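[1] Dropping a prediction and its sequence here:
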Amino acid sequence: MSQSLSPTAREPETVESIYPEIAMYIDGRWTDGSGSRREPIVNPATEEILGFVPLAEKSDLDAALAAAERGFVVWRDMPLDKRAHILHRAATLLRERSAEIARIMTMEQGKALPEARGELAGVATTLDWNCEEGLRAHGRIIPRGPGETLSVVREPVGPVAAFTPWNFPAGSPMRKIAASLSAGCSIVIKASEETPATACELVRCFEDAGLPGSVLNLVFGVPAEVSEHLIPSPIVRLVAFTGSVPVGKSLAAMAGAAMKPSMMELGGHAPVIVCPDVDPVAAARSSARAKFANAGQVCTSPSRFFVHESLFESFVDAFVLAAEQITVGNGLTTGVQMGPLVNERRLSSVHNLVEDARRRGAKVLTGGNRLPGPGFFYAPTVLTEVPMDAAVMTEEPFGPIVPIVPYADLDDALRLANSLPFGLAAYAFTHRADTVDVLTRGLQAGILSVNHAGGSVPQAPSGGFKESGFGREGGSEGLDGYLVTKRISHRMAI
């Protein structure tokens, strides 16, 4: 079947949203930068140009680095209670401004407005959580003999260079900003040029909360130019990145060449194992809600479905029904559940994966096509009879594509689930405790969700292993990468 846009998909809510002017924030000042280069910002639902983002020149990056170097000393030496007051105030401002920031996010990224509002709510909680963790980032005293004190202290690593993608325009930058500032670090962050306004609005909240201007610096630019200038700088002491595996490998190598630690949250291709003891309709509905969130543009999105053969037909039928009931359209429209893909490149990439699977013998049960009209809309798509060598089974789809494959034996399902070099997220549905144990020990992923497909929470760590990266964001582990450990041995007299 072929899906079309909802009848009201291009009739956004009547409340007018004004897309803000975009600027970089360097050393406490909003600036267009020292050059004249600009890139258009496109509304993915309408293909209209919203505005233009300035691209940093080397002199702008040098100014941001110099500010971060000064800002680190200022922020590191500020009393903790004062730092906490500023961060909590920024979180309060985020909540107060979340409705308008969410509308801006939907305009530039495309996700449905309820999803944008939920992202903003989570961002404020992330900041509060990290702030409190910063107050608990203490060391310890190790017992020694009389006249000697042996202690361990944890100190901020120094200025951070951070790079974030477009799919979570508030959530991804805030993870790095919150952890950096809560640990006592300054930061230069390059947010996405495709979704710059959301990042600007986040920074305004910190500015208005009283954060010293040199502590947080926001830049945009040609990605390779920015990373190649920031990462080798002796001022930068940590590199934090969220994005694709190939780019992550390049940045990690650059950081390694300068002996700098890095944190890499890279791509995945999350397997879903549906065991024979569950309700296939309930499992399909739960999976569909997660799969089509943000139009599938989520690194932890469930993306390879392995369903026990006894449930296969019922699961597939329920998933097709769920896909066909998704209301696709402009994310500002009331009732829309899935917005567009972020740009034409992403749209073409998703369609190429579907066509490759089709050529290899896969059946397209629903979707499989670009939706008519302006905007980068793609129909929720369900595939069966997908060969394992199809690109959609080996490459992260980052779109609303659902390949479903039957299995007969759990060991075989685990083999298929672990067959790729990724290890970010995995999902499973079962009611048997012994099966949960097998899956927990057997699935090679940094995040495992059983009987649900919920997202990340600030109280627990997120991250992957294998080619999905290293380091963790969130939880008590979230500040580890932003701190260094120092051993101090003090004898009272010689």
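    Sure thing, it's come through. Residues are numbered from 1 along each chain as shown.
[2] For the stretch 301-450 of the chain, just list every one of the strands.
    Taking DSSP state E, counting those that start in this stretch as the criterion, the stretch 301-450 of the chain contains strands spanning 302-308, 363-366, 381-384, 401-407, 425-429, 447-450.
[3] ranking those by burial, who's on top?
    The highest average neighbour count among these, using mean count of other C-beta atoms under 10 Å, belongs to strand 425-429 at a mean of 29. Quick note: C-beta positions are derived from backbone N, CA and C, even for glycine.
[4] Can you name every helix or strand that it contacts?
    For strand 425-429, the elements it packs on are strand 270-274, helix 280-291, strand 447-450, judged by 3 or more C-beta pairs under 8 Å, 6 or more residues apart in numbering; DSSP states H and E.
[5] would you list those in JSON lines and tack on mean pLDDT and distance to residue 48?
    Output for those, formatted as JSON lines (pLDDT from 0 to 100; distance: least, C-beta to C-beta, whole Å):
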{"stretch": "strand 270-274", "mean pLDDT": "98", "distance to residue 48": "33"}
{"stretch": "helix 280-291", "mean pLDDT": "97", "distance to residue 48": "28"}
{"stretch": "strand 447-450", "mean pLDDT": "97", "distance to residue 48": "37"}
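[6] for the strands of the stretch 301-450 of the chain, which one sits closest to residue 93?
    When those are ranked by distance to residue 93, counting by C-beta to C-beta, first place goes to strand 447-450 at 30.3 Å.
[7] now the closest one, how far from the centre of its chain.
    Centroid separation for strand 447-450 versus its chain: 17 Å, with C-alpha atoms, centre = their mean, to the nearest Å.
[8] Quick check: neighbours of it in the sheet, parallel or antiparallel?
    Taking DSSP bridges as the criterion, strand 447-450 pairs within the sheet with strand 425-429 (parallel).
[9] List of residues touching the partner strand?
    If you take C-beta atoms under 8 Å, 6 or more residues apart in numbering as the criterion, strand 425-429 is touched by 268, 270-275, 278, 283, 286-287, 290, 299-300, 302, 417, 436, 439, 443-451, 453, 464.
[10] ok, back up a step: looking at the strands of the stretch 301-450 of the chain, which is closest to residue 77?
    Set against residue 77 and scored by C-beta to C-beta, these come closest in strand 447-450, at 36.4 Å.
[11] Residue 493 and residue 190, how far apart?
    From residue 493 across to residue 190, the span is 51 Å (C-beta to C-beta, to the nearest Å).
[12] Is residue 52 in a helix, a strand, or coil?
    strand (DSSP: H, G, I helix; E, B strand; the rest coil).
[13] correct me, but it touches residue 37?
    No. Between residue 52 and residue 37 there is no contact under C-beta atoms under 8 Å: 9.8 Å.
[14] And residue 280, how far from residue 248?
    With distances taken as C-beta to C-beta, residue 280 is found 36 Å from residue 248.
[15] related to what we said a few turns ago, looking at residue 493 and residue 190, which is more packed in?
    Applying other C-beta atoms under 10 Å to residue 493 and residue 190 shows that residue 190 carries more neighbours, namely 27 against 5.
[16] Is there a quick PyMOL command that grabs whichever of the contacts of strand 425-429 are buried?
    To isolate in PyMOL the members of the contacts of strand 425-429 that are buried, counting by 16 or more other C-beta atoms under 10 Å, one can use:
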select buried, resi 268+270+271+272+273+274+275+278+283+286+287+290+299+300+302+417+436+439+443+444+445+446+447+449+450+453+464
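[17] Domain ranges for this protein, per the record?
    Under automatic domain parsing, the residue ranges defining each domain of the chain are 24-266+468-486, 270-457.
[18] Give me the mean pLDDT for whichever strand or helix holds residue 162.
    With secondary structure defined by DSSP states H and E, residue 162 is part of strand 160-163. Confidence over strand 160-163, taken as the mean pLDDT, stands at 98.
[19] in its sheet, what does that strand sit against?
    When pairing is defined by DSSP bridges, strand 160-163 lines up against strand 187-190 (parallel), strand 238-242 (parallel).
[20] Tell me the helix or strand right after the shortest one.
    When you say that, I think you mean strand 187-190. On the C-terminal side of strand 187-190, the nearest following helix or strand under DSSP H and E is helix 196-209.
[21] ok so, going back, could you point out which of the strands of the stretch 301-450 of the chain sits nearest residue 125?
    Residue 125 lies closest to strand 447-450 among the strands of the stretch 301-450 of the chain, at 18.3 Å (C-beta to C-beta).
[22] So which residues of the protein form helices?
    For the chain, the helices identified by DSSP state H occupy 58-76, 80-109, 113-135, 171-183, 196-209, 223-230, 245-257, 280-291, 312-324, 344-359, 391-394, 410-417, 433-442, in order along the chain.
[23] Same question for the second one: list its buried residues.
    Buried residues in helix 80-109, counted by 16+ other C-beta under 10 Å: 83-84, 86-91, 93-95, 97-98, 101-109.
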